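Participant: please find the sequence and the predicted model below.
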Amino acid sequence: MSINMDIMPILSSLRRHLIPAILIICEVALACAVMCNAVFMISEKVTDLQLANNMDEQGISVVTIDGSDPDQAVNTIPRNLDLLRGIPGVSSVSITNTLPLTDNAWQNGFSAQAGEKRTVNTSTYFLASGAERSLGLRLLRGRWFNGDEYAGGKLNNNYASVGHSVIITESYAKRIWPNDDALGKTLYSRAGDSYQVVGVIADVLAPSMTINSGNRNGAYWSAFFPLAPAAGLSYYVIRSDASSRDKILRSAVDRLSTIEPSAVVKGQTFEAIRDDYFASTKSTIWILMLVCATMLLVTAFGIVGLSSFWVRQRRRQIGIRRALGARRHDILAYFHTENFLLSAMGVVIGMGMAYGVNVLLSQHYEVGRMPLAYLPISALIIVFIGQLSVLGPAVKASMVTPVVAIRANG
């Protein structure tokens, strides 16, 4: 009963100051809605940065050649590989059609049943002989491709393998055959081609993780096919000791530039490829953090400003309460309770707005569905900021003496 009696005067006072109260509620609601979604998107971006890539990235250098004659690839690729193998310190060299985190995504649809209309969108890698050593892939079950499979590996007009062997990642195996071991099973393409799973490797990131947006496991849905030297292979992968990697990369670029004078030869370490891929992600994280900080500051300053205004408007009311025996603690509790009520109404509206905004973002942009746990956590942070913001004006109000307050409006 006493709690209700304490709250009723506060509600009555808020009704007399309806417009400022509505402004604070709207400000808190907007801050809550923005913060919920911003914090969720930050967590998604951080998760992307921390996704494991089960290949030995240390010591990997990558060289690409643009402008060479694709019709001569059958001859130039073996020549270039031999040239790179001759660089002192190189332990392995091969060539692939793409690499993780390069945005050069080759895709196809596969399923466990022939003629299945609904297929799983899959990143497809084509590997030349020795690529598993150069990339540092980890075989979990089965075997690597053999020499005959590499020799017979070619691309058809749909840029699909004409062979019948495939190696897949562990996550992809669980996606296609959730209740069975994938080894020895047959994978069917959207076009009707069939491939036997001869090996399962530890998860490797796709070239572009937006292929299966909103599904972090989809970043590992990849299939690997053997391929003989062909025009589709464009990434020379060089493995060496990490301490000599940069020197070897410079030598590789110089040698290939000499032998391909009309082409553009570029070299990068895999670490540089990773940094380039996630550069925009890191920028987005900082921008979202700035948005959160800005919204919290604007909300805090808004509460401080309106609370200070109310303190000046209520000096006579405060003085009368002090004269009737109200303690400083009572005045502090009054303003904190008032702010809590406004913040509570604001965050309730804000949580509804946050959920609605997330639904729209997930439908039209590459944003996943936000777990409901983000709503109360963000709401508590907003309420806490509100309580801190009102502390200064509330302390100032509690220090007003009854005589000064009454004379000020007398």
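Facilitator: Looks like it arrived, so ask away. Note that this is a predicted model, so its numbers are computed, not measured.
Participant: now the helices: where do they sit in the chain?
Facilitator: Assigned by DSSP state H, the helices in the chain fall at 2-16, 18-50, 73-85, 131-135, 147-151, 170-176, 245-259, 270-313, 315-323, 328-364, 374-398, 402-408.
Participant: where's the longest one relative to the chain centroid, distance-wise?
Facilitator: Helix 270-313 sits 18 Å away from the centroid of its parent chain (Cα atoms, centre = their mean, to the nearest Å).
Participant: could you check the angle that helix makes with helix 328-364?
Facilitator: 140 degrees (axes from the mean of the first three to the mean of the last three Cα atoms, to 10 degrees).
Participant: center of the chain, which residue is that?
Facilitator: Lys45 (2.5 Å; Cα atoms, centre = their mean).
Participant: so that residue makes contact with Ser283?
Facilitator: No - using Cβ atoms under 8 Å, Lys45 is not in contact with Ser283; the gap is 9.8 Å. Every residue, glycine included, has its C-beta placed from N, CA and C.
Participant: can you list the helices of the chain in TSV and add mean pLDDT?
Facilitator: Below are the helices of the chain laid out as TSV (pLDDT from 0 to 100):
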stretch	mean pLDDT
helix 2-16	61
helix 18-50	87
helix 73-85	93
helix 131-135	95
helix 147-151	90
helix 170-176	95
helix 245-259	94
helix 270-313	87
helix 315-323	71
helix 328-364	84
helix 374-398	85
helix 402-408	59
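Participant: of the ones you listed, which is nearest Pro226?
Facilitator: helix 147-151 (4.4 Å; Cβ to Cβ).
Participant: could you give me the buried positions within that closest one?
Facilitator: 149-150 (16 or more other Cβ atoms under 10 Å).
Participant: what lies in contact with that helix?
Facilitator: Here helix 147-151 makes contact (Cβ atoms under 8 Å, 6 or more residues apart in numbering) with 128-129, 163, 165, 226-228.
Participant: from these, pick the one nearest Val357.
Facilitator: Looking across the contacts of helix 147-151 and measuring by Cβ to Cβ, the closest to Val357 is Leu227, at 45.4 Å.
Participant: count of residues packed around that closest one?
Facilitator: Using other Cβ atoms under 10 Å, Leu227 has 27 other residues around it.
Participant: against Ala131, how distant is it?
Facilitator: According to Cβ to Cβ, to the nearest Å, Leu227 and Ala131 sit 9 Å apart.
Participant: what does Ser92 give?
Facilitator: Distance from Ser92 to Ala131, by Cβ to Cβ: 9 Å.
Participant: more neighbours, those two?
Facilitator: The neighbour comparison of Ser92 against Ala131 (other Cβ under 10 Å) goes to Ala131, with 25 against 19.
Participant: how is this structure carved up into domains?
Facilitator: 2-51+278-408, 68-262 (automatic domain parsing).
Participant: of all these, which lies closest to Glu271?
Facilitator: Using Cβ to Cβ, the nearest of these to Glu271 is domain 68-262, at 9.0 Å.
Participant: ends of that closest one, how far apart?
Facilitator: 7 Å (Cα to Cα, to the nearest Å).
Participant: and what of stretch 195-206?
Facilitator: For stretch 195-206, the end-to-end distance is 20 Å (Cα to Cα).
Participant: also stretch 158-167?
Facilitator: End-to-end distance for stretch 158-167: 20 Å, by Cα to Cα.
Participant: quick check: buried residues in that stretch?
Facilitator: The neighbour-count check on stretch 158-167 (16+ other Cβ under 10 Å) flags 160-161, 163, 165-167 as buried.
Participant: what's the most distant pair in the residues you listed?
Facilitator: Every pair of the buried residues of stretch 158-167 checked by Cβ to Cβ; the farthest is Ala160 and Ile167, at 15.4 Å.
Participant: returning to what we had before: distance to Ser61 for the domains of the chain - can I get that in JSON lines?
Facilitator: JSON lines is the format used below for the domains of the chain (distance: least, Cβ to Cβ, whole Å):
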{"stretch": "domain 2-51+278-408", "distance to Ser61": "19"}
{"stretch": "domain 68-262", "distance to Ser61": "4"}
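Participant: tell me which of those domains lies nearest to Thr269.
Facilitator: domain 68-262 (6.1 Å).
Participant: distance from that closest one to the middle of the chain?
Facilitator: Worked out by Cα atoms, centre = their mean, domain 68-262 lies 24 Å from the chain centre.
Participant: that older thread, what's the most distant pair in the contacts of helix 147-151?
Facilitator: Ala128 and Ser165 (14.4 Å).
Participant: need the helices of the chain in TSV (columns: distance to Asp203).
Facilitator: Converted to TSV, the helices of the chain look like this (distance: least, Cβ to Cβ, whole Å):
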stretch	distance to Asp203
helix 2-16	55
helix 18-50	13
helix 73-85	27
helix 131-135	13
helix 147-151	23
helix 170-176	5
helix 245-259	24
helix 270-313	16
helix 315-323	64
helix 328-364	25
helix 374-398	27
helix 402-408	69
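Participant: I'd like to know which of those lies nearest to Thr102.
Facilitator: Short answer: helix 270-313, nearest of the helices of the chain by Cβ to Cβ, at 6.2 Å.
Participant: returning to what we had before: pLDDT check: weakest of the contacts of helix 147-151?
Facilitator: Ranked by pLDDT, these bottom out at Gly163 (83).
Participant: which residues does that one contact?
Facilitator: So Gly163 contacts 149, 152-154, 195, 225-226 (Cβ under 8 Å, 6+ apart).
Participant: how about 10 Å then?
Facilitator: Counting by Cβ atoms under 10 Å, 6 or more residues apart in numbering, Gly163 touches 145, 148-155, 193, 195-196, 225-228.
Participant: likewise Ser123?
Facilitator: Ser123 touches 98, 100, 105-108, 169, 172, 204-209, 211-212, 218-224, counting by Cβ under 10 Å, 6+ apart.
Participant: and the gap between the spatially closest residue to Asp103 that is not a sequence neighbour and Tyr334?
Facilitator: Using Cβ to Cβ, 6 or more residues apart in numbering and skipping the chain neighbours, the partner closest in space to Asp103 is Ser208 (5.1 Å). Ser208 sits 57 Å away from Tyr334 when distances are taken as Cβ to Cβ.
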